[in-house]
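K.L.:
predicted model, plus sequence, below.
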Amino acid sequence: MTPSQFDLFVKRLIMLNTPKVVVLLVLLTWWLELPKDGEAYQVLEFFAGVGRIASMSRYAGFRSAAVDIEYGKSTGKRARPPMDLNSNAGLILCIRLILNSEFEGLAAFFAIVCSSWVPVNRGSTKRTIMTPLGNEDFPAVRRSNKLTSRTVLC
């Protein structure tokens, strides 16, 4: 993304009434000036598992990347994996990958874990049509709500 495309991107975020804290986070992430690793991404796969979408898109000739919470677990003794979207580092990574993507030419796939949302879990999460946030006294429900919010923002 070029600086002029980034300006247009931020203006679009503001026109969409994106929360100011998200716009600020995008600006701060852009200003990090991390080195780019070549061409812009065309396909991003989040919650990738084995990364089938990313590998198939690479096979088809697209520049792609896959991100999953499991990908960074074995590299050190961190409290949280670096690719966990619920962590600060994971959110910044997600935003940075999107900013390093082709402007108006990105297909991003978010395959969020659905176990907190299925009818079988209604007894423990207390999610219904009237209470979609569920019982936030449970840490798993809070984590799922946070992950879903961050996914929608991305």
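P.N.:
Yep, that arrived.
K.L.:
buried residues in stretch 25-34?
P.N.:
Using 16 or more other Cβ atoms under 10 Å as the test for burial, stretch 25-34 gives 25-26, 29-30. In short, each C-beta sits where N, CA and C put it, glycine included.
K.L.:
how about a markdown table for those, with distance to G49, secondary structure and pLDDT added?
P.N.:
Compiled in a markdown table, those are given as follows (distance: Cβ to Cβ, whole Å; DSSP: H, G, I helix; E, B strand; the rest coil; pLDDT from 0 to 100):
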| residue | distance to G49 | secondary structure | pLDDT |
| --- | --- | --- | --- |
| L25 | 27 | helix | 86 |
| V26 | 27 | helix | 87 |
| T29 | 25 | helix | 83 |
| W30 | 29 | helix | 83 |
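K.L.:
what count of nearby residues applies to L44?
P.N.:
L44 has 25 neighbours, counted by other Cβ atoms under 10 Å.
K.L.:
wait, a helix at it?
P.N.:
No: assessed with DSSP: H, G, I helix; E, B strand; the rest coil, L44 is strand; it does not lie in a helix.
K.L.:
so is the residue nearest to it when sequence neighbours are not counted in a helix, a strand, or just coil?
P.N.:
Nearest in space to L44, with sequence neighbours left out and distances taken as Cβ to Cβ, 6 or more residues apart in numbering, is A108 at 4.5 Å. At A108 the chain is in strand, as set by three-state DSSP.
K.L.:
that older thread, and of the buried residues of stretch 25-34, the nearest to Q5?
P.N.:
When the buried residues of stretch 25-34 are compared for distance to Q5 (Cβ to Cβ), W30 wins out at 11.1 Å.
K.L.:
burial check on N86, number of neighbours?
P.N.:
For N86, the tally of surrounding residues (other Cβ under 10 Å) stands at 16.
K.L.:
quick check: pLDDT value at A60.
P.N.:
A60 carries a pLDDT value of 93.
K.L.:
let me redo that: P139
P.N.:
Looking at P139, the pLDDT reads 87.
K.L.:
next, it: phi, psi?
P.N.:
phi -60, psi -40 (degrees, to the nearest 10).
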